Structure formats: structure tokens, C-alpha cells
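Participant: what shape does this take:
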Amino acid sequence: MHLMEGELPTSMSGSCGASINGKLYIFGGFDDKGYSNRLYYVNLRTKTGTYRWKKITNFKGQPPTPRDKLSCWVYKDRLIYFGGYGCRKHNELSDCFDVHDAFWEGQIFWGWHNDVHVFDTTTQTWSQPAIRGHCSDLLIFQTQPYSLLRLCLDCIGKNAALLRNQIPCLPSKLLQEVLKKITFWAAVTHRQERKAETERQSQLNTT
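Facilitator: From the prediction side, this is the model:
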């Protein structure tokens, strides 16, 4: 039997694990307290039969926002993380966040992250590389092909204003899915309008 000691990670779902040079790293996850962006590691090459976990706190750079269900791969001495599910506040929305659901009262949005973060295990430094192209294209790795139902829900969500009299007549279960899509497309529209306004202001400042 092998003993686990030290700063053990809390029990979570959706955490992401990867091994480099005999060390197992565990990042993120979700429990009853919410999403996590904590990073732990344990040396698996112990000769004493005891594994000692350590929480990495003395790092440099900015770690990813709390999330679960993300992907990870290893390159040399680096951990490269992509995506994951989590939440952001209204003023934190960006093109690299695909809104799935929202709690308007608290201005909290849940959805999929499309960003990439790198952790250098040698220097214990977080970095976020620039991504060419539109980062929403990366979401293809995390989504399933569109079903007919999803296409219909998107169509209703995009045209909610035109269908406002018919939407309340939908069955309750389907109505819940439709309301989620309406929320999603409202957030997308808001984000696009904000981006267009920013570009317009930038053009005015240069002229």
C-alpha cells in the first residue's frame, strides 16, 4: 500500500491530469464550492512508498480562470491546457468564451473557454500564447456535430424577437432549452455590438 501525504487535492470532478518527468500534475475541477484553478503535483518516483502532494502557489504569470473538463498535452517541460467549462462575469466576456447559460440577476455567465494556457514546470511560470485565427474555431475540439434539434434551437434563439408570441406555447421541457439558446444568442449579440463599438471608436481616434 502506498500512502498519500502533504497538500492533497480536494475531491473534484472534471480535473485534468498529466505527467512530466515522473511527476503527476492535477489542475482545475469542480466541487460543491465551485470551479477551481489550483495546480497540484506529486512525485511518482518515490522509493519510500509514500507520495507527498504539493500545491503550487509560488508561481509566476497569470493562471487560467477556474474551470473543469479541460484538455491538456505535454511538450518538453511544459503543460499546455486548452478550453474547459467555467463561468465569467459580464465584464469578463470575450471572444474566447462561448456562453452556454446565464444567471442575469448576478450577471454570471457559464460556458466553454476556447483559450490556451501554458505552464512551464521548470520555471513554474504561466503564460498565454497568442493564437492565430479566430479562437472560436478551436471550439470544434470540444463540441459535437450539430443535430437537427440544435439547429432549430439556434434558429429560434437568433429570431426570438420575431417569435416572442409563439415561444410561450412550446412544451415546458423544450421551452427551457429555447430560453437557454435565447440567453446565449443575446450574449453573442451584445459581444459583437461591443466589439463593433470598440472598433468604431478606434477608427475615430486614428482619424
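Participant: the closest residue to Thr123 other than its chain neighbours bridge partners, please.
Facilitator: Using CB to CB, 6 or more residues apart in numbering and skipping residues adjacent in sequence, the residue nearest Thr123 is Lys60, 7.0 Å away. Backbone N, C-alpha and C define where each C-beta goes, glycine included. Using DSSP bridges, the bridge partners assigned to Lys60 are Thr125.
Participant: my read: Lys60 touches Phe119, true?
Facilitator: No - look at Lys60 against Phe119 with CB atoms under 8 Å: they stay out of range, at 10.1 Å.
Participant: quick one: the helices in the protein?
Facilitator: 148-158, 172-206 (DSSP state H).
Participant: quick one: closest of those helices to Lys54.
Facilitator: helix 172-206 (38.6 Å; CB to CB).
Participant: neighbours of the spatially closest residue to Pro168 that is not a sequence neighbour, how many?
Facilitator: Among residues not flanking Pro168 along the chain, Leu175 sits closest, at 7.5 Å (CB to CB, 6+ apart). Using other CB atoms under 10 Å, Leu175 has 13 other residues around it.
Participant: mind showing which ranges of this protein have poor pLDDT?
Facilitator: 1-2, 93-95, 100-106, 132-149 (pLDDT under 70).
Participant: do that again at 50, thanks
Facilitator: For the chain, the stretches flagged by pLDDT under 50 are 136-146.
Participant: which residue ranges of it form strands?
Facilitator: 3-6, 16-20, 23-31, 34-43, 50-55, 71-75, 78-82, 85-89, 97-103, 108-113, 116-120, 125-127 (DSSP state E).
Participant: circling back: same list (the helices of the chain) but as TSV, adding distance to Tyr75.
Facilitator: TSV is the format used below for these (distance: least, CB to CB, whole Å):
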stretch	distance to Tyr75
helix 148-158	34
helix 172-206	31
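Participant: out of those, nearest to Gly29?
Facilitator: helix 172-206 (23.9 Å).
Participant: who are the packing partners of that closest one?
Facilitator: Applying 3 or more CB pairs under 8 Å, 6 or more residues apart in numbering; DSSP states H and E, one finds that helix 172-206 contacts strand 97-103, helix 148-158.
Participant: got the CA coordinates for stretch 35-47 in CSV?
Facilitator: What follows is stretch 35-47, C-alpha atoms only, in CSV (Å, rounded to 0.1, in the frame of the first residue of the first chain):
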residue,chain,number,x,y,z
TYR,A,35,-14.7,25.7,-10.1
SER,A,36,-11.0,25.6,-9.3
ASN,A,37,-7.8,26.8,-11.0
ARG,A,38,-5.5,25.2,-8.4
LEU,A,39,-2.5,23.2,-9.5
TYR,A,40,-1.0,20.3,-7.6
TYR,A,41,1.7,17.8,-8.2
VAL,A,42,3.2,14.6,-6.7
ASN,A,43,6.4,12.8,-7.4
LEU,A,44,5.6,9.3,-8.6
ARG,A,45,9.2,8.1,-8.4
THR,A,46,9.4,7.9,-4.7
LYS,A,47,11.4,5.0,-3.2
